[in-house]
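Enquirer: kindly return the folded structure for what I paste below:
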Amino acid sequence: MPESRLPLALLPGLLCDQALWQAQVKGLSDIAESRVADFTTQDSVEAMARSVLEMMPQERFALAGLSMGGYVALEVMRQAPERIERFALLDTTARPDTDEQKRRRRGLLSLADKGQFKGVTPRLLPLLLSKRFLEVEAVTSVVMAMAERVGKEAFKGQQRAIMNRPDSRPLLPSITVPTLILCGAEDALTPPERHKEMAEVIPDADLVILGGAGHLAPLERPDAVTRALRAWLRR
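Expert: Numbering: from 1, shown residues only. Presented below is the predicted three-dimensional model:
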């Protein structure tokens, strides 16, 4: 392993696994030693954050999280800021769930408990992908396959973790490492306004908004996301 490669932790979102980051792991392999977290056995962002810290053997590492992975990344920063060398938040928010969002999550948990877990169906894809990718089977098949692999029990734990996460907005001004804030311009779940909000209060943050991408930018615009991460890792 070349000494010049930076250790990089990549954190996936709800119902996502290592396939979310496959293009970035490959595209950054010359400068980053990447590890993708597994969030299929925990039911709180605190436990997920501890698993990330245990996953990374190096004392300091770069950290990037998408959506739920962003909530966990913020918790890692809360638990062990001294270990984070660089920080990236993609398609996520520092805000906690609203009461309405919690109500919807409880409804999904109830359906899953009744055996009606359906993973990511074509009906849900418009929340995750920009319009241009809704008919691109090479992308939609990856999203649905990830959800199937993650499965019902992990989905339930992840929803509980998301629903009970803290408000991370008070943490943002204390983040002083080089930070990348990135989102798809068509992100319907965590829109660009949420990212501008974070970038404005993190002292050393760069904001990147990618056209033609929704909530899963690393799958929709893989080359653009890899370029943004490369620039961040080299900054």
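
Enquirer: for the helix-or-strand element of the chain with minimal mean pLDDT, packing partners?
Expert: The helix or strand of the chain with the poorest confidence is helix 99-113; it has a mean of 82 (mean pLDDT, DSSP states H and E). The contact analysis (3 or more Cβ pairs under 8 Å, 6 or more residues apart in numbering; DSSP states H and E) places helix 99-113 against helix 137-163. Every residue, glycine included, has its C-beta placed from N, CA and C.

Enquirer: which pLDDT does the model give the residue lying farthest from the centre of the chain?
Expert: Within the chain, the residue lying farthest from the chain centre (Cα atoms, centre = their mean) is Lys114, at 28.0 Å. pLDDT, Lys114: 76.

Enquirer: so where's the protein shaky on pLDDT?
Expert: Low-confidence segments of the chain (pLDDT under 70): 1-3, 116, 119-120.

Enquirer: isn't Arg234 up against Asp30?
Expert: No. Arg234 is beyond contact range of Asp30, at 11.3 Å (criterion: Cβ atoms under 8 Å).

Enquirer: helix or strand: which one has the residue nearest to Trp21 when sequence neighbours are not counted?
Expert: For Trp21, ignoring the flanking residues on the chain, the nearest one in space by Cβ to Cβ, 6 or more residues apart in numbering is Leu10 at 4.5 Å. Using DSSP states H and E, the element containing Leu10 is strand 6-11.

Enquirer: gap between the residue sitting nearest the centre point of the chain and Pro12?
Expert: Nearest to the mean C-alpha position of the chain, counting by Cα atoms, centre = their mean, stands Leu66 at 1.3 Å. Here the distance between Leu66 and Pro12 works out to 7 Å (Cβ to Cβ, to the nearest Å).

Enquirer: try Glu46
Expert: As defined by Cβ to Cβ, Glu46 lies at a distance of 17 Å from Pro12.

Enquirer: next up, the contacts around Ser51.
Expert: By Cβ atoms under 8 Å, 6 or more residues apart in numbering, the contact list for Ser51 reads Ala37, Asp38, Phe39, Gln42.

Enquirer: repeat that for Ala23.
Expert: Counting by Cβ under 8 Å, 6+ apart, Ala23 makes contact with Pro218, Leu219, Pro222, Asp223, Val225, Thr226.

Enquirer: separate out the buried members of the residues you listed.
Expert: Pro218, Leu219, Pro222, Val225, Thr226 (16 or more other Cβ atoms under 10 Å).

Enquirer: which phi and psi does the third one have?
Expert: Backbone geometry at Pro222, expressed as degrees, to the nearest 10, gives phi -60, psi -40.

Enquirer: excluding covalently adjacent residues, which one is nearest to it?
Expert: Leaving aside its chain neighbours, Pro222 sits nearest to Ala23 (3.5 Å; criterion: Cβ to Cβ, 6+ apart).

Enquirer: understood, closing this out.
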